[in-house]
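In: Below is the sequence, then the predicted model.
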Amino acid sequence: MPETRRIRKSAGGDPASPASISVRPERMASFPDSQLSRRPARIMDHLHFIFAIFFMLLGPIKILPVFVKLTKDREPAYARKAAIQATVFAFIICLFLMLTSSRTLARYHIHPESLKIAGGLVLLISALRTIFPPPHQDEPAVQSDSPLAIALSPLATPVIVTPAGVAAVMIFVSVAPHEPGMFRAIRIALIAILALDFLTMYFAKAIMRVPLIFPAIRLFGAVMLVVQVAGAVDLIVVALKSLGLFHV
């Protein structure tokens with residue numbers, strides 16, 4: 001028989017009429033464990049969603065054709081140097097956004113649910129622009145022969161860190177204090193995406209020689225695009241429900 005602890009509790013404030021309840025020690029210890037066990041699940045939930053969004057807004061799908069075009073007549077060393085420098089610049093930009101976003105938006109006393117609605121709208125509009133692109137898009141012009149020049153612009157920004165990507169990072173970081181585990185998920189997702197971007201640029205010419213690789217990447221991007229649209233709508237719906245403006 002498991003040991004039982006008896007906790008005496010006075011009923012009605014009368015010490016002469018104590019009431020006792022039985023609590024098993026293993027049951028008492030289970031409460032913090034159950035809370036801790038939910039933390040990895042919440043981190044993984046955030047990570048899956050944030051990774052999908054960052055993959056579309058900061059990921060390698062849009063980088064590959066631009067990088068190949070910018071470096072097609074260059075030496076391999078030139079392309080590798082541009083890939084390294086572009087990744088470093090993109091990391092610095094993302095780090096700056098992570099360190100300053102919460103403080104910047106906090107100055108304006110914006111409600112967390114308003115940030116979620118804004119984030120949902122940004123993600124939705126970005127996805128719709130991908131599905132229905134403008135009839136003509138100007139290709140980035142190269143102004144210098146230096147790999148440093150193309151690494152900063154157009155590669156680091158706006159090709160890797162897009163305007164929609166900037167908005168997504170800022171909004172995720174600002175919402176993170178209200179969502180347990182979200183900061184860690186943002187860090188993991190950003191590091192993973194930037195690593196993918198670097199590998200894609202570093203081995204761009206080899207990747208393009210693989211049969212059917214580009215159609216496969218585009219197909220995966222289409223799947224992630226659906227996730228982005230659904231996630232954008234879900235962010236807006238959850239925020240409206242929290243504000244009491246929407247009921248299901």
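Out: All right, it came through fine. Residues are numbered from 1 along each chain as shown.
In: who's in contact with the residue nearest the centre of the chain?
Out: With distances taken as CA atoms, centre = their mean, the residue of the chain nearest its centroid is Ile50 (3.0 Å). Ile50 is in contact with 172, 182, 185-186, 189, counting by CB atoms under 8 Å, 6 or more residues apart in numbering. From N, CA and C alone the C-beta is placed, and that goes for glycine too.
In: again, only this time at 6 Å
Out: Under the criterion of CB atoms under 6 Å, 6 or more residues apart in numbering, the neighbours of Ile50 are 185-186, 189.
In: For Ala77, see how far away it is.
Out: Between Ile50 and Ala77 the distance is 35 Å, computed by CB to CB, to the nearest Å.
In: circling back: what is the nearest of the contacts of Ile50 to Ala149?
Out: Among these, Ala189 lies closest to Ala149 (CB to CB), at 28.8 Å.
In: what about that closest one, how many residues close to it?
Out: Ala189 sits with 23 neighbouring residues when counted by other CB atoms under 10 Å.
In: try Leu121
Out: By the criterion of other CB under 10 Å, Leu121 has 15 neighbours.
In: which sections of this structure are below the confidence cut-off?
Out: Within the chain, the ranges that satisfy pLDDT under 70 run 1-43, 136-144, 248.
In: Grab the nearest non-local neighbour of Leu196.
Out: Pro60 (5.2 Å; CB to CB, 6 or more residues apart in numbering).
In: So that neighbour, which state does it fall into?
Out: Classification of Pro60 by DSSP: H, G, I helix; E, B strand; the rest coil places it in coil.
In: Quick check, it in contact with Thr200.
Out: Yes: with contact defined as CB atoms under 6 Å, Pro60 reaches Thr200; the gap is 3.7 Å.
In: Give me the phi and psi angles of the closest residue to Pro177 other than its chain neighbours.
Out: Among residues not flanking Pro177 along the chain, Ser102 sits closest, at 7.0 Å (CB to CB, 6+ apart). The phi/psi pair for Ser102 (degrees, to the nearest 10) reads phi -60, psi -40.
In: neighbours around Ser102, how many?
Out: Residues lying near Ser102 (other CB under 10 Å) number 14.
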